[in-house]
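S.K.: Fold the following for me, if possible:
(2 chains)
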Protein chains: 2
Amino acid sequence: MKLYDCHPAPNPRRVRIFIAEKGLTIETQQVDFMGREQLTEAYQAMNPLCDIPVLELDDGSHISQVNGICRYLEAAFPEPNLYGRDAKEQGLIAMWDNWVANNGIASVADGFRNFSKGLADHAVTGVRPYAQIPALAERGRQRTEDFFEDLDKYLGEREFVACDRFSTADISAFIALEFAQRIKLEPKEDQLNIKRWHQAVSARPSTQA
Amino acid sequence: MKLYDCHPAPNPRRVRIFIAEKGLTIETQQVDFMGREQLTEAYQAMNPLCDIPVLELDDGSHISQVNGICRYLEAAFPEPNLYGRDAKEQGLIAMWDNWVANNGIASVADGFRNFSKGLADHAVTGVRPYAQIPALAERGRQRTEDFFEDLDKYLGEREFVACDRFSTADISAFIALEFAQRIKLEPKEDQLNIKRWHQAVSARPSTQA
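M.R.: Numbering: from 1, shown residues only, chains lettered A, B, ... in the order given. Predicted coordinates:
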């Protein structure tokens, strides 16, 4: 296997942390995101969605999208389990991981991709030149702050994001916080549940990936 | 079990079709979306995310988000399989289902939620009053048309959305097309791969759900 990676970007890091939690070692190859290597014909032939990362399987086929790659790895290397052991855990982890993706990571992405000068006319992942929407960058910033408020509330009700043990939803939320630094946002000092959780997650060796 | 449902809305229908494909019968209770029942304190106590549908389990707990509910059902009722039999299928189905959710359903939702008069100041799911962004409604319409173009290309390469058999990604794409009618968009006449696929999916009894 080989992972087409982009070291500074949030979604590749989600996958690298997932791989580290599984105890796997997978060769990586860096993709030049700001140089738009992911929009070249060669890259599209491998991954028409133009997103990073991409996992190349040993049979030469490719899987992209964070959930696509991580679901492959969970099925191929079941332990340690990161998506749920029984039906209820499976449901709750998918629920909360989806919530983090759509309200945390996507909110920061709205704030970043609709503002960054390097992404003018590339406000949406993929080859098409969508223009930036300044009002959406602003809404993304507001939604990121609201995400922190909600996350702090939920982490007051349980130890980790989806349930009382570490799961893939914690990797996603950890990345949402890291990614938010790119738009100069972070949880408030009095969001103590996030602080407690973030210290616990940051102490895991996988987060060095 | 009980499904908190909203008959005219796209995401509850995704789950109803999934339930029908599993051959299950689950009691439903309608939620008054336009009357904003999902924003009431009683509903929030059950589902803080304020989205519809919600699955109530027999132990009295609740799971929301389409993927949360469907992953629960897949684990509790494994046959017929809708999320992939082996690791590679699991990865590809998660990849393409995510692509449809983020580029098909989310694009239509951008077009609908940022335009519909009934959703002024509720342009994002949840209790907070985010204002509509007209430029995002327009981008959502453009992205929906681009989604059709891409979907037609991919369906020229394989029989169904994720692989050569029906999966949950086909339910999501079917709903994207149905939802697009709300913003008066549909595939073009010459998108013949979509036409072939849509006829095959529409013939499944589950799509009557």
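
S.K.: could you pull out the strands for chain A?
M.R.: Along chain A, counting by DSSP state E, strands occupy A:2-5, A:27-30, A:54-56, A:62-64.

S.K.: As JSON lines, these with mean pLDDT, distance to B:C70 and mean neighbour count would be great.
M.R.: Any C-beta I mention is one placed from the backbone N, CA and C, and that applies to glycine too. Converted to JSON lines, the strands of chain A look like this (pLDDT from 0 to 100; distance: least, C-beta to C-beta, whole Å; neighbours: other C-beta atoms under 10 Å in any protein chain shown):
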{"stretch": "strand A:2-5", "mean pLDDT": "98", "distance to B:C70": "27", "mean neighbour count": "19"}
{"stretch": "strand A:27-30", "mean pLDDT": "98", "distance to B:C70": "32", "mean neighbour count": "13"}
{"stretch": "strand A:54-56", "mean pLDDT": "98", "distance to B:C70": "23", "mean neighbour count": "23"}
{"stretch": "strand A:62-64", "mean pLDDT": "98", "distance to B:C70": "20", "mean neighbour count": "24"}
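
S.K.: Can I get these in CSV including distance to A:E41?
M.R.: Shown next, in CSV, are the strands of chain A (distance: least, C-beta to C-beta, whole Å):
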stretch, distance to A:E41
strand A:2-5, 15
strand A:27-30, 17
strand A:54-56, 15
strand A:62-64, 15
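
S.K.: Which one of those strands lies nearest to A:A45?
M.R.: strand A:62-64 (9.5 Å; C-beta to C-beta).

S.K.: Name every strand pairing with that closest one and say which way it goes.
M.R.: For strand A:62-64, the paired strands and their directions (DSSP bridges) read strand A:54-56 (antiparallel).

S.K.: which residues in chain A form helices?
M.R.: When secondary structure is read from DSSP state H, chain A shows helices at A:10-21, A:41-46, A:66-76, A:87-99, A:106-113, A:134-154, A:168-180, A:192-202.

S.K.: Quick one: closest of those to B:L49.
M.R.: Going by C-beta to C-beta, the one of those nearest B:L49 is helix A:87-99, 6.0 Å.

S.K.: Check whether the helix or strand bottoming out on mean pLDDT in chain A comes near chain B.
M.R.: Least confident element among the helices and strands of chain A, by mean pLDDT, DSSP states H and E: helix A:41-46 (a mean of 95). No - judged by C-beta under 8 Å from any C-beta of the partner chain, helix A:41-46 stays clear of chain B, getting no closer than 11.3 Å.

S.K.: Save the helices of chain A as a markdown table, and put in mean neighbour count too.
M.R.: Below are the helices of chain A laid out as a markdown table (neighbours: other C-beta atoms under 10 Å in any protein chain shown):
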| stretch | mean neighbour count |
| --- | --- |
| helix A:10-21 | 23 |
| helix A:41-46 | 12 |
| helix A:66-76 | 24 |
| helix A:87-99 | 24 |
| helix A:106-113 | 23 |
| helix A:134-154 | 19 |
| helix A:168-180 | 25 |
| helix A:192-202 | 16 |
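
S.K.: Pretty sure A:F77 sits against A:E21.
M.R.: No - with contact defined as C-beta atoms under 8 Å, A:F77 and A:E21 do not form a contacting pair (10.2 Å).

S.K.: where's the residue of chain A positioned farthest from its centre relative to A:I52, distance?
M.R.: For chain A, the residue at maximal distance from the C-alpha centroid (C-alpha atoms, centre = their mean) is A:D59, at 25.9 Å. Distance of A:D59 to A:I52, computed by C-beta to C-beta, to the nearest Å: 21 Å.

S.K.: again, but for A:D32
M.R.: The gap separating A:D32 from A:I52 is 10 Å, by C-beta to C-beta.

S.K.: Quick one: closest of the strands of chain A to A:I17.
M.R.: strand A:2-5 (12.2 Å).

S.K.: can you list the residues that contact the closest one?
M.R.: Strand A:2-5 has contacts (C-beta atoms under 8 Å, 6 or more residues apart in numbering or on different chains) with A:12, A:15-16, A:19, A:26-31, A:46-47, A:52-56, A:69.
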